[in-house]
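Student: test case, fold it:
(chains A and B)
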Amino acid sequence: MGIRKYAVIGALALAGVSMFGLSAKAEDVKLTVWSLDRDIQPAPHLVADFNKLNNGIQIEYRQIQFDDVVSEAMRAYSTGQAPDIIAIDNPEHALFSSRGAFLDLTDMISKSTVIKPENYFPGPLKSVEWDGKYYGVPKATNTIALYYNKDMFKAKGLDPNKPPQTWDELVEDARKLTDPTANVYGLAFSAKANEEGTFQFLPWAQMGGGSYENINSEGAVKALTVWKTIMDEKLASPDTLTRGQWDSTGTFNSGNAAMAISGPWELDRMSQEAKFDWGVTLLPVPQEGAERSSAMGDFNWAIFASTKHPEEAFKALEYFASQDDKMFKNYGQLPARSDIAIPATGQALKDAGLKVFLEQLKYAKPRGPHPEWPKISKAIQDAIQAALTGQSSPKDALDQAAEKIKAVLG
Amino acid sequence: MKRLLSSIRDGNGFDIVLVAFPLGFLFLMAGLPLLYNILMSFQEVDMFSLGTFLRPFVGFKNYQDLFALPETWPILGNTAIFVIGSIAGQFLIGFGLALFFWVNFPGASWLRGLFLVSWVMPGLVVGAIWNWILSGDFGVLNFMLRETGIISGNIFWRSDPNYSLYAVIMANVWLGTAFNMILLSVGLASIPGDLYEAAELDGANAWQRFWTITLPMMRSTIGAIISLGLIFTLQQFDLFAAITSGGPNNSSNVTQYWAWDLSFRQYDFAKGATISVIMIVFVMFASVVYVRSTRHEVRG
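Tutor: Numbers count the residues shown, from 1 in each chain, chains lettered A, B, ... in the order given. Below is the predicted model of the structure:
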């Protein structure tokens, strides 16, 4: 009898708890977040921490693969199954905001005490803009600068504290540093026929006064001519044409290239792999005193216009932004914020490099924003490859690209 | 009703049911996507209309735009070189190996089995390995050619527009040779031995026996293998993605990789579909050859 009594009480208690649990769940607002971040990257941690706040909003996280972000998002949106929040690569942001797929956050941002436009670097902020309105919040950012091997500089009689500042100096130094007998190229970069090629070339065109709308300007032609000189004189490996940034910088780490153009994502690997003294400097400019520029990479947060809980979704973004100060320390990513001082890591080379990248970020410009960016980018890639393989002159190649881009811009 | 039931149990109805299942399956899994693809090539497709069926009809505009592109003809040319080069290489080396193992020396069947390893490996893995072999500065192939004195400077297999397409062909020949060899071995084994005995008695030498017995007896096998080869090479995608990404400057780009690039990199789904339709025509041609050449086997 006693056992049965306890059993009944137990069952009642269980039912009560589960009823309570259910009712609590029903009150919670449920959001979904899609991002490509893996478990060592920010998004899943941000979501888990947010859920621990127990503020009546529960977020479900889904990881998507880099290659699938856009196609998955499009499919989901066009069939009415889009998530509430997504992390999207910055050149692709305008594709969605221009079509009204992303929620206009301008009003919410103007009232927000956490997300303030003036706290962000201008480049990343511009990538979430469309038609003067904000359609997202920069998630993180990165850019490119010039890494150089100080030991090799010394060995070739160059001053390791005077890395090249202009294009001419870069080519000149690369000539001195190239040593075919020792399997050393002067420079490593990427001119691959994908977004990476555009990412690396566009800053050069912009420094020369060009832009994607004006890709055949004199300065851009000069930039491509410098690239061609580097390739023709074998100052960089011919495989630059088919190799991405990660593999190219790998040759720098192994001592087969004396300089490399790449981003802050290399800092960790280089600290471990490079067995020499290295430094980072700003991207060389066409001539002394010329305008600086750089590429801008990484993802933005956006809220889909189809969400049923815009207020709550924005609250989640505010929470994500409030955690920006821990991003570099915990995940090695740079927050897109100019108001956050990143604390030193204690590794001298890495800290010095980071300082240069933060300086370079001030000049970073977004690719676009334009809803048909992939096509514009393809035209630029084609021009780079046509010129570097010698199938047309830099001027002709860029003229052709300008024509293709004009057709896209309409 | 009863008659219908009994005809299903044994009669014409049974045959129809047997045929209907695979046909229905084929229609669902291959027919519908194929028709959808053709439909898409005549529409204006935009990423936000991906979920709908009825999009603006544009007639042959996608086809006209496609052929107005400067890269279209070079890419079609590359595809032809890739297909012919790959099939010729795979077939000739495969046939050579099949004849070699046909001699049946001790351990021949073992070795023949080992050759299949290349066919079992996934394309992306093969691509990654060849990527390493063909790499310009530190590639294995360049090292071997340099050490044997064949070349003096490195050849940039992946990045030199004169070599990039042939680099992928090389990898593809390696990948497909084993498959060719096995099918051709089967064909060789099915030739009755008494034909050769009779020919030998008549005084035919090895060369004459090959031309007058082996080749004619292998006709259907060879037809099947070449059309299968055409289909396999036209769907070869992984090697391009892993070795050259179609570059530099489209010098190693082929239609199957280009269709993917247009659809999923530039989000121009209509043009991607248009290229696929053009490819379907070629594959259909191969299928007809394949069906015709294997017809004897089915009846036999």
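Student: ok, B:Ser227 - contacts?
Tutor: B:Ser227 is in contact with B:Ala286, B:Ser287, B:Val289, B:Tyr290, B:Ser293, counting by CB atoms under 8 Å, 6 or more residues apart in numbering or on different chains. Yep, even glycine has a C-beta here, placed from its N, CA and C like the rest.
Student: as CSV, those with distance to A:Gln400 would be great.
Tutor: Listed next are the contacts of B:Ser227 as CSV, based on distance: CB to CB, whole Å:
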residue, distance to A:Gln400
B:Ala286, 36
B:Ser287, 39
B:Val289, 40
B:Tyr290, 42
B:Ser293, 45
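Student: so which of those sit within helices?
Tutor: Judged by DSSP state H, helices contain the following of the contacts of B:Ser227: B:Ala286, B:Ser287, B:Val289, B:Tyr290, B:Ser293.
Student: make TSV out of those and add neighbour count and distance to chain A.
Tutor: Output for those, formatted as TSV (neighbours: other CB atoms under 10 Å in any protein chain shown; distance: CB to the nearest CB, whole Å):
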residue	neighbour count	distance to chain A
B:Ala286	19	29
B:Ser287	15	30
B:Val289	16	35
B:Tyr290	19	33
B:Ser293	19	39
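Student: want to throw those residues into TSV with pLDDT?
Tutor: Formatted as TSV, the ones in helices among the contacts of B:Ser227 follow (pLDDT from 0 to 100):
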residue	pLDDT
B:Ala286	80
B:Ser287	83
B:Val289	80
B:Tyr290	80
B:Ser293	75
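Student: low-confidence ranges, chain A, go.
Tutor: With pLDDT under 70 as the threshold, chain A has low-confidence stretches at A:1-26.
Student: go with 50
Tutor: Across chain A, the ranges flagged by pLDDT under 50 are A:1, A:17, A:19-24.
Student: also chain B?
Tutor: Across chain B, the ranges flagged by pLDDT under 50 are B:298-300.
Student: just give the closest residue to the most centrally placed residue in chain B, not the sequence neighbours.
Tutor: Nearest to the mean C-alpha position of chain B, by CA atoms, centre = their mean, lies B:Phe232 at 1.8 Å. With CB to CB, 6 or more residues apart in numbering or on different chains as the measure, B:Gly176 is the residue that lies nearest to B:Phe232, at 6.3 Å, once sequence neighbours are left out.
Student: hang on, that neighbour packs against B:Leu92?
Tutor: No. Judged on CB atoms under 8 Å, B:Gly176 makes no contact with B:Leu92 at a distance of 11.6 Å.
Student: which of the two has more residues huddled nearby?
Tutor: With neighbours defined as other CB atoms under 10 Å in any protein chain shown, B:Gly176 and B:Leu92 compare such that B:Gly176 has more, 25 against 13.
Student: tell me which residues touch the more buried one, please.
Tutor: Contacts for B:Gly176 were tallied using CB under 8 Å, 6+ apart; they are B:Ser86, B:Gln90, B:Gly94, B:Trp119, B:Gly229, B:Phe232, B:Thr233.
Student: now for the second one: which residues touch it?
Tutor: With contacts taken as CB under 8 Å, 6+ apart, B:Gln90 has the following neighbours: B:Asn172, B:Val173, B:Gly176, B:Thr177, B:Phe179, B:Asn180, B:Gly229.
Student: closest to chain A out of these?
Tutor: Distances from chain A to the contacts of B:Gln90, taken as CB to the nearest CB, are shortest for B:Asn172 (17.2 Å).
Student: residues near that closest one, how many?
Tutor: Residues lying near B:Asn172 (other CB under 10 Å) number 28.
Student: that one contacts B:Phe237, correct?
Tutor: No. Taking contacts as CB under 8 Å, B:Asn172 lies outside contact range of B:Phe237: 10.9 Å.
Student: now the contacts of B:Gly176 in JSON lines, with distance to A:Asp382 and secondary structure?
Tutor: Converted to JSON lines, the contacts of B:Gly176 look like this (distance: CB to CB, whole Å; DSSP: H, G, I helix; E, B strand; the rest coil):
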{"residue": "B:Ser86", "distance to A:Asp382": "26", "secondary structure": "helix"}
{"residue": "B:Gln90", "distance to A:Asp382": "32", "secondary structure": "helix"}
{"residue": "B:Gly94", "distance to A:Asp382": "37", "secondary structure": "helix"}
{"residue": "B:Trp119", "distance to A:Asp382": "35", "secondary structure": "helix"}
{"residue": "B:Gly229", "distance to A:Asp382": "31", "secondary structure": "helix"}
{"residue": "B:Phe232", "distance to A:Asp382": "29", "secondary structure": "helix"}
{"residue": "B:Thr233", "distance to A:Asp382": "25", "secondary structure": "helix"}
